[in-house]
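> this is a predicted model, with the sequence first.
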Amino acid sequence: MTAQAAYGLALAVSLAGSAAHAGEARDAIRAFNAHCFTKGMTQEQAERRMRETSGTPASAPLPFTLTFYDTTIAPAPGAHPGTDRRCEVTFDGDHTAEAIAALREQMQTPPVFGTAGMLPPTHAPEAGTALIEGRDLPRGRRAVVHVTLRNGRTAIGVDRLSPEVN
């Protein structure tokens, strides 16, 4: 194989990988927006719905990492202090700009996801944070939305705070 052919092959593989990451990012963001603002789900229901949204067969792993719990439905060892519900997806690459744009659009889609409010003391920006925002919800509830780049992976999440934190 000539050097030029090898370069061309390497470029094609790289572009295919970039396209795959972009597709996985779109699937992850779409699944997040479709299901992470829905209350009353178990971890199994959230995963099943995200599989359907991303077109992932039941026998295959999700193309992104899902962290989900709702302590009002089932105990969650290792739950973030002050958070009774967490839904976060992480996926390869820096897609923070796309995640923020999609998250902002979703929060303005009826039913509108609260209004910007104070960031509670239970949450703070971490290294790589692109967005972190407290949201005042109906009935005196609060949530935190966040988009972060961690170790080359984009994380997009929402935490609903326990009533005692509010």
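Cool, the structure landed. Numbers count the residues shown, from 1 in each chain.
> give me the beta-bridge partners of I156?
Legend: beta-bridge partners of I156 under DSSP bridges are V89, V147.
> is it correct that it is in contact with C87?
No. With contact defined as Cβ atoms under 8 Å, I156 does not reach C87; the gap is 9.3 Å. Yep, even glycine has a C-beta here, placed from its N, CA and C like the rest.
> look at the two and report which has more neighbours.
I156 (29 against 24; other Cβ atoms under 10 Å).
> how far away is the more buried one from L103?
6 Å (Cβ to Cβ, to the nearest Å).
> rounded mean pLDDT for stretch 133-147, please.
For stretch 133-147, the per-residue pLDDT values average out at 91.
> before we move on, what about stretch 109-129?
Throughout stretch 109-129, pLDDT has a mean value of 89.
> list the contacts of that stretch.
Residues outside stretch 109-129 that contact it (Cβ atoms under 8 Å, 6 or more residues apart in numbering) are 37, 80-83, 106-107, 132-138, 142-150, 159, 161, 165.
> which non-adjacent residue is nearest E164?
Leaving out its chain neighbours, the residue that sits closest to E164 by Cβ to Cβ, 6 or more residues apart in numbering is G82, at 7.8 Å.
> read off the pLDDT value for the one you found.
Here, the pLDDT recorded for G82 equals 87.
> quick check: it touching P163?
No. Using Cβ under 8 Å, G82 makes no contact with P163, being 10.2 Å away.
> so where's this structure shaky on pLDDT?
The chain contains residues with pLDDT under 70 at 1-22, 166.
> repeat the analysis, applying 80 as the threshold.
The model of the chain has pLDDT under 80 over residues 1-23, 111, 164-166.
> neighbour count winner among G82 and P163?
G82 (17 against 12).
> ok, the more buried one - contacts?
Contacts for G82 (Cβ under 8 Å, 6+ apart) come out as P120, T122, H123, L161, S162, E164, V165.
> among these, which two are most distant?
H123 and E164 (14.8 Å; Cβ to Cβ).
> between those two, which is the more surrounded one?
Set H123 next to E164 and count neighbours by other Cβ under 10 Å: H123 wins out with 20 against 7.
> specify the local secondary structure of the more buried one.
Following DSSP: H, G, I helix; E, B strand; the rest coil, the label given to H123 is coil.
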